[in-house]
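Peer 1: I'd like to go over a predicted model; first the sequence, then the structure.
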Amino acid sequence: MVWIAIAAALCSAFCLAFGAHFQSIAVRNSVDGLELTLKNAGKLATNKGWMGGLLLMILGMALNVFALASAPLTVVQPIGAIALVITAMVNAKETDITMNRPTVMAIISCMLGSVGFVLLAVTATNSNHAVTEAQSHLIELILAGVVAIVGLATILFHRKLGAIFFIVGAGVLFGFVAVLVRTISIAVLGIGNSSFLQLPWIAGLAVIVAGLLGSYFVQKAYSKGPPELVIAGLTVIDPIIGIVIGASILGELRPDVPMLVTVLMLVAAALAIVGVAALSRHHPDVIERRNQAEADKQLPE
């Protein structure tokens, strides 16, 4: 069963990488260099490349869920990080971009940091399937605050916000979504003869709202930066947020965790986040966009 899970994780990595690549190209072609808004986002639904990318992304996420359910996290999660490398290679080949040294170092930083954090988290946490109603409501309340903050920032400063804001926002939102989906799944499996009215419907509504906003952020990131940033958000920020919520709110952190492990987890998380930040600044596509923006400002009106 473990080998089947490994195969599923590998297929998931390829699906996520190519899905992000196809969607990124479709978004750029649809908006034609303009700002992606809710008005012109409707064009994406009629774009075959974007729909194909969406199907690949959905398939990739489904395969990853299957892999996580069939094998230990220590086996599956490192394989998922391969998606970042695949995306970088595919995008570089299709767009004739030569990866500079800072970009390569940023990708390595993302991979080492995210894989290290997850592997350390496995030794520092216990799986706690008993999610209380108070814990669920606390997660929903914090998520509501996050949605309000990022949503308001998007409305007020949407023209000034770069790709890093949207991909970090998407990663944070999807991290909450993953935790709440797990909470809902546990409730559904344990419902027995109880009423469906006792299911966490508020959590379900929170998943829909956060999922839709996170998906919109992903499309915004496609229009403002390379697809590697999107995959970095999905494979780096998402699991870190999920593990932090599990440890701090759901009581999954073991009481006997050595101080060294805690320090190493913080270092690994910082390494992964620095990698994402560096990717958003030094990727050739980002540099080209920045130079073009500066050139446009110097043109006479």
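Peer 2: The structure has been received and is ready for your questions.

Peer 1: Only the buried residues of the helix or strand harbouring residue 7, if you could.
Peer 2: Following DSSP states H and E, one finds residue 7 within helix 2-31. Under the neighbour-count criterion of 16 or more other CB atoms under 10 Å, helix 2-31 has 5-6, 8-27, 30-31 buried. Where you see a C-beta, it was placed from the backbone N, CA and C, and this is true even at glycine.

Peer 1: got the residue ranges for the helices in this protein?
Peer 2: Under the criterion DSSP state H, the chain contains helices at 2-31, 48-70, 73-80, 82-95, 101-124, 133-157, 163-189, 201-224, 227-232, 238-248, 259-282, 284-298.

Peer 1: CSV for those helices, including mean pLDDT?
Peer 2: CSV is the format used below for these (pLDDT from 0 to 100):
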stretch, mean pLDDT
helix 2-31, 83
helix 48-70, 83
helix 73-80, 67
helix 82-95, 81
helix 101-124, 86
helix 133-157, 91
helix 163-189, 83
helix 201-224, 87
helix 227-232, 83
helix 238-248, 84
helix 259-282, 88
helix 284-298, 72
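
Peer 1: Quick check: which of these has the most neighbours on average?
Peer 2: Highest mean neighbour count among those (mean count of other CB atoms under 10 Å): helix 227-232, with a mean of 31.

Peer 1: Show residues contacting it.
Peer 2: Helix 227-232 is contacted from outside by 16-17, 20-21, 23-24, 83-84, 87-88, 91, 107, 110, 163-164, 167, 170, 218, 221-222, 275-276, 279-280, 283, using CB atoms under 8 Å, 6 or more residues apart in numbering.

Peer 1: try stretch 88-102
Peer 2: Stretch 88-102 has contacts (CB under 8 Å, 6+ apart) with 17-18, 21, 24-25, 103, 107, 226-228, 278, 281-282, 284-285.

Peer 1: Between the two ends of it, how far is it?
Peer 2: The straight-line separation of the ends of stretch 88-102 (CA to CA, to the nearest Å) is 13 Å.

Peer 1: start at 479 instead
Peer 2: That works, and once the first residue is 479, the last one we named lands at stretch 566-580.

Peer 1: still on that earlier bit, farthest pair within the contacts of stretch 566-580?
Peer 2: Greatest spatial distance among the contacts of stretch 566-580 (CB to CB): 496 and 759, at 25.4 Å.

Peer 1: I'd like the distance between residue 687 and residue 652.
Peer 2: Distance, residue 687 to residue 652, using CB to CB, to the nearest Å: 13 Å.

Peer 1: Report the central residue of the protein.
Peer 2: The centroid of the chain falls nearest to residue 712 when counting by CA atoms, centre = their mean (2.2 Å).

Peer 1: list the contacts for it?
Peer 2: Contact analysis of residue 712 by CB under 8 Å, 6+ apart lists 494, 561, 648, 649, 652.

Peer 1: The same query, at a cut-off of 7 Å, please.
Peer 2: Residue 712 is in contact with 494, 649, 652, counting by CB atoms under 7 Å, 6 or more residues apart in numbering.

Peer 1: before we move on, what about residue 560?
Peer 2: residue 491.

Peer 1: before we move on, what about residue 720?
Peer 2: Counting by CB under 7 Å, 6+ apart, residue 720 has contacts 653, 656, 657.

Peer 1: re the thing from before, out of the contacts of stretch 566-580, which one sits closest to residue 632?
Peer 2: Checking those one by one against residue 632 (CB to CB), the nearest turns out to be residue 502, at 19.7 Å.

Peer 1: what's the distance between that closest one and residue 754?
Peer 2: Residue 502 is 16 Å from residue 754, where distance means CB to CB.

Peer 1: And for residue 485?
Peer 2: Residue 485 is 28 Å from residue 754, where distance means CB to CB.

Peer 1: Could you do residue 646 as well?
Peer 2: As defined by CB to CB, residue 646 lies at a distance of 7 Å from residue 754.

Peer 1: okay, and the common contacts of the two?
Peer 2: What both residue 646 and residue 754 touch, as defined by CB under 7 Å, 6+ apart, is the set residue 715.

Peer 1: My understanding was that residue 538 contacts residue 494; is that so?
Peer 2: Yes. Between residue 538 and residue 494 there is a contact at 3.9 Å, judged by CB atoms under 7 Å.

Peer 1: List the contacts of the nearest residue to residue 651 once chain neighbours are set aside.
Peer 2: Nearest residue to residue 651, sequence neighbours excluded (CB to CB, 6 or more residues apart in numbering): residue 692, at 3.7 Å. Counting by CB under 7 Å, 6+ apart, residue 692 touches 648, 651, 652, 655.
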